[in-house]
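> build me a model:
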Amino acid sequence: MLVALALTLGGLAVLPLAADRFVVSAGRISHALGLSPILVGALLVGFGTSLPEMVVSGLAAAKGDPDFAVANVIGSNVANLGLVLGVAALMRPISAGRALIRKEGTLVLIVTLLYVALHINGDVERWEGVVLAIVLGLTLGLLIRWSRASILDEAGEDLSTMVTVRRELVVGLVTMVFTVGAATALVEGAERLAIELDIQSAFIAATLVAVGTSLPELATAVAAVRRNQSDLVLGNVLGSNLFNALAVGGLAALIGPGVIDPGFTPLLWLLLGVTVGAGLLIATGGRLVRWEGAVLILGFVAFVAVAGSTLA
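Sure, this is the predicted structure:
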């Protein structure tokens, strides 16, 4: 029990810190090279904050546990929309640009529909991973195309006045190593804990691990709210959910296909419901106010309750 707790808590402690520092390095490099803000927020930050989910789900799939991998994707996406956005909105109302809602918001809804449709039958197959990978490529193309509309004014700055790209590349690689190590410990600890407590690993993945791997998104959202950067909050969450469903879900399906627990059916519908609900709240008035943030948090609590009844 002590070893399982140590591995789980140690992984949860190191994982968000390492992933967050990776995001910082990616952001500094992109800033130095004059990349688009949309590209930074949706691609670099979105990918970086989804790195924990990718490593955790990939390792679980490789160990023949598709339930763990699917639960982590579903739980993380619900945590992003319910917990992360909810906490951010409670701190300060979040405004959303029409372009962000129309483009990335619609894209997230379509991708979520695709993910639910592929997994609702209770099977995870490699061809589904191929489909998700293809859609990921198309999504990246769209994000890059949209990013061309706004290039950072700092593109022409002298890199000598900024953090050197070389140093941030080294830091980024080191933090990636720590991320992989922490994720390995987290998966091992969570699985041991589930066995010793006679709880399904899928429930732990959908709740404890999902929240742990969403901590980078939460940390980024809190920092962005403090700086009054609403677009960064929404861009981070939407980008992360895109990568979770496509990159993380696709990788898990390619590595470890199999039959998943029937208890995932209501959780998949809840994921779709939370996605639609969050979109409606944001689209109404173009902002997310405090009471709406409280509603999103209650949605996440409801998800945990349902996961407890269907998976535990």
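> without its sequence neighbours, what residue ends up closest to Leu81?
The shortest distance from Leu81 to any non-neighbouring residue, by Cβ to Cβ, 6 or more residues apart in numbering, is to Ala278 (4.6 Å). Every residue, glycine included, has its C-beta placed from N, CA and C.
> hang on, Asn72 packs against Ser57?
Yes: look at Asn72 against Ser57 with Cβ atoms under 8 Å: they come within range, at 4.8 Å.
> quickly list what's touching both of those two.
Val248 (Cβ atoms under 8 Å, 6 or more residues apart in numbering).
> now do the buried residues in stretch 84-93.
Buried positions in stretch 84-93, judged by neighbour count with 16 or more other Cβ atoms under 10 Å: Val84, Leu85, Gly86, Val87, Ala88, Ala89, Leu90, Arg92, Pro93.
> what about those, which are in helices?
Counting by DSSP state H, the part of these found in helices is Leu85, Gly86, Val87, Ala88, Ala89, Leu90.
> tell me which of the residues you listed is nearest to Leu114?
Nearest to Leu114, judged by Cβ to Cβ, of those is Leu85 at 21.4 Å.
> hmm, Leu296 and the closest one touching each other?
Yes: at 5.5 Å, Leu85 counts as touching Leu296 under the criterion of Cβ under 8 Å.
> can you check which residues contact both of the two?
Here Leu85 and Leu296 have Ala278, Leu288 as joint contacts, going by Cβ under 8 Å, 6+ apart.
> for the stretch 201-312 of the chain, which segments count as helices?
Assigned by DSSP state H, counting those that start in this stretch, the stretch 201-312 of the chain shows helices spanning 201-204, 210-213, 215-226, 230-243, 249-255, 264-283, 290-310.
> is it possible to get CSV of these that adds distance to Arg21 and mean pLDDT?
Below are these laid out as CSV (distance: least, Cβ to Cβ, whole Å; pLDDT from 0 to 100):
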stretch, distance to Arg21, mean pLDDT
helix 201-204, 26, 75
helix 210-213, 15, 74
helix 215-226, 10, 74
helix 230-243, 16, 80
helix 249-255, 22, 92
helix 264-283, 28, 91
helix 290-310, 26, 91
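> ok, which of the ones you listed comes nearest Leu140?
That would be helix 230-243 among the helices of the stretch 201-312 of the chain, by Cβ to Cβ, at 9.3 Å.
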